[in-house]
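Asker: Provided below are the primary sequence and the corresponding predicted coordinates.
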Amino acid sequence: MSERIEDEGSKPRTRREALEEHEYGHSPVLGGPEVHSTRHEPLPDVEHSGYHDVQIQEDRIEFEHRDFAIAAFTMVLVSLITFYIPLFNGLLGGVIGGFFARRYGPALGAAAVASVMVPALLAFFYGWDTPDFLRFFSGLGYWGWAALHVFGVFVGAVSGVFGSHPVRVRQRQGEATGG
């Protein structure tokens, strides 16, 4: 049977009090202060610890411009997958990327990245082994395809942002502005 712990009538010391009084050992692994707990020392209550507004955050990488990165990656990926459909590839990539961006600034920035990166990648891969670079898509040519792609990406990005907001939100924004 376990031993009964008698109440000595005093408030139990917290780990913080032990650290402040320098009654601790040093951790052999970490080298920092190490407080040993015993069966007589309960964990401190929040009221007595002094840590009222402390929040624990996980250690992870936070992207500052996450919506821009996701939108640009999506636009480039979808446009490369559907490169063989001249206007539709940029339009589809722009709509999906603009939907993920949800604001016009990141969406148009991602569209600018995709409108440069996709034609550059296709020019690199297509021109790797063929000298007839300008005969890309026969009658349309590379420059015509690139112009349709750029136009489609920007139009798709704007329409993707517009479509990312539900109709109720757009109606409330119109009522707030008096429109």
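Answerer: Now that the structure is in, tell me what you want to look at. This is a predicted model, so every value here is computed, not measured.
Asker: Show me where the protein has its helices.
Answerer: Ranges of helices within the chain are 15-20, 46-49, 66-81, 88-101, 104-126, 141-164, 167-177, based on DSSP state H.
Asker: by contact count, what packs against the longest one?
Answerer: Under the contact definition 3 or more Cβ pairs under 8 Å, 6 or more residues apart in numbering; DSSP states H and E, helix 141-164 sits against helix 66-81, helix 88-101, helix 104-126. All C-beta atoms are positioned from the backbone trio N, CA, C, and that covers glycine.
Asker: possible to save those as CSV with mean neighbour count and mean pLDDT?
Answerer: Shown next, in CSV, are the helices and strands packed on helix 141-164 (neighbours: other Cβ atoms under 10 Å; pLDDT from 0 to 100):
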stretch, mean neighbour count, mean pLDDT
helix 66-81, 20, 92
helix 88-101, 26, 94
helix 104-126, 19, 91
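Asker: Looking at these, which is nearest to residue 160?
Answerer: Nearest to residue 160, of all those, is helix 88-101, at 2.3 Å by Cβ to Cβ.
Asker: what about dumping the CA coordinates of the closest one to PDB?
Answerer: What follows is helix 88-101, C-alpha atoms only, in PDB (Å, rounded to 0.1, in the frame of the first residue of the first chain):
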ATOM      1  CA  PHE A  88      -6.900  27.100 -71.700                       C
ATOM      2  CA  ASN A  89      -3.700  26.200 -70.000                       C
ATOM      3  CA  GLY A  90      -3.100  29.700 -68.700                       C
ATOM      4  CA  LEU A  91      -6.700  30.300 -67.900                       C
ATOM      5  CA  LEU A  92      -7.100  27.100 -65.900                       C
ATOM      6  CA  GLY A  93      -3.800  27.600 -64.000                       C
ATOM      7  CA  GLY A  94      -4.800  31.200 -63.300                       C
ATOM      8  CA  VAL A  95      -8.200  30.300 -62.000                       C
ATOM      9  CA  ILE A  96      -6.900  27.600 -59.600                       C
ATOM     10  CA  GLY A  97      -4.000  29.700 -58.500                       C
ATOM     11  CA  GLY A  98      -6.100  32.800 -58.000                       C
ATOM     12  CA  PHE A  99      -8.600  30.800 -56.000                       C
ATOM     13  CA  PHE A 100      -5.800  29.700 -53.600                       C
ATOM     14  CA  ALA A 101      -4.400  33.300 -53.400                       C
END
